[in-house]
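> sharing a model that was predicted from the sequence below.
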Amino acid sequence: MRSTFWAGVVGVCLACCLSGLGCGDGEAAPGDTAGGEGAGEASCSGLDPSTVVGELTPEESEQACEGYRRCSLESVTVEFVCHMIGVMGAKFGDDPGTTDAELRVRCAEQYQSCMADPSQAEVLIEQTIARVEARPCVQSTQCTATVAELEACFSATRERSRNVLPGCSELTLAFYEGPAPVDDATAAACGAITPDCWQLAMPPEE
């Protein structure tokens, strides 16, 4: 069923968001998102920023992993998910838009419907939390970046994730036709971060 399919798309988007790959939320008018937290927010790991990630003890690695996981999950709110449902449903729902104008109308309708009855969003949140918490924490023994560098990358990635989806009033067909453009701020913040470093912030799925 098509509605089941696009609900699955939203679930994948949520998982990607928590891995720093996409999605967004915000505080603008219904269906429009913008801005958020970012640079200057409190440390998620609570560790000495000068420590090299690869030299963390197993206990410190567990602490960091749980801290990054907690920070990621704090972003997953009903409004956050309803925005994704609006954007994904506009294209992949039961009555998808075929023009920019139709996409914007469908997005706003899906968003408003979700906010009026958030049960589907709440189920998706529960599933996402369970999926993330089921992943065992991984110690990043080969990472040469410092905790401060990983924190900066994680913060920039979260900020990017909050802003990558357009608001309903700005939605276009072109949005669905290619990958999101490279974000220079995120690329600069994550220059020292290798996959081994990143698995501490977001353990890979088995």
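All right, it came through fine. Numbering: from 1, shown residues only.

> quick check: what element follows the helix or strand of the chain with the lowest mean pLDDT along the chain?
Least confident helix or strand, the chain: helix 2-18 with a mean of 51, by mean pLDDT, DSSP states H and E. On the C-terminal side of helix 2-18, the closest following helix or strand by DSSP states H and E is helix 58-74.

> how far off centre is that next one?
Taking C-alpha atoms, centre = their mean, to the nearest Å, one finds the center of helix 58-74 at 16 Å from the center of the full chain.

> for the chain, which spans come out with low pLDDT?
Within the chain, the ranges that satisfy pLDDT under 70 run 1-42, 180, 203-206.

> do that again at 80, thanks
1-42, 75, 161-163, 178-183, 201-206 (pLDDT under 80).

> which residues touch residue 46?
63, 64, 67 (C-beta atoms under 8 Å, 6 or more residues apart in numbering). Placement of C-beta: from N, CA and C, glycine included.

> out of the residues you listed, who's the most crowded?
Neighbour counts for the contacts of residue 46, by other C-beta atoms under 10 Å, peak at residue 64, which reaches 27 neighbours.

> verify the stated contact: that one with residue 198.
No: with contact defined as C-beta atoms under 8 Å, residue 64 does not reach residue 198; the gap is 11.9 Å.

> these two touch, right, residue 108 and residue 86?
Yes: Residue 108 is within contact range of residue 86, at 6.8 Å (criterion: C-beta under 8 Å).

> so which of these two has more stuff around it?
residue 86 (31 against 20).

> and that one, which of the three is it?
helix (DSSP: H, G, I helix; E, B strand; the rest coil).

> check the gap between it and residue 168 for me.
Counting by C-beta to C-beta, to the nearest Å, the separation of residue 86 from residue 168 is 6 Å.

> same check on residue 91?
From residue 91 to residue 168 the distance is 12 Å (C-beta to C-beta).

> neighbour count: these two, which is higher?
Taking neighbours as other C-beta under 10 Å, residue 91 and residue 168 compare with residue 168 leading, 26 against 19.

> so that one sits against residue 85, correct?
No: Residue 168 is beyond contact range of residue 85, at 11.0 Å (criterion: C-beta under 8 Å).

> what is in contact with the two at once?
In contact with both residue 168 and residue 85: residue 111, using C-beta under 8 Å, 6+ apart.

> CA atoms only: put stretch 148-163 into CSV for me.
Extracted in CSV, the C-alpha atoms of stretch 148-163 (Å, rounded to 0.1, in the frame of the first residue of the first chain):
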residue,chain,number,x,y,z
ALA,A,148,36.4,18.7,20.7
GLU,A,149,36.7,18.0,16.9
LEU,A,150,34.1,15.2,17.1
GLU,A,151,31.8,17.5,19.2
ALA,A,152,32.2,20.2,16.5
CYS,A,153,31.4,17.8,13.7
PHE,A,154,28.4,16.3,15.6
SER,A,155,27.0,19.8,16.4
ALA,A,156,27.4,21.0,12.7
THR,A,157,25.8,17.8,11.4
ARG,A,158,22.8,18.2,13.8
GLU,A,159,22.4,21.8,12.7
ARG,A,160,22.5,20.7,9.0
SER,A,161,20.0,18.0,9.7
ARG,A,162,17.6,20.5,11.2
ASN,A,163,17.6,22.7,8.1
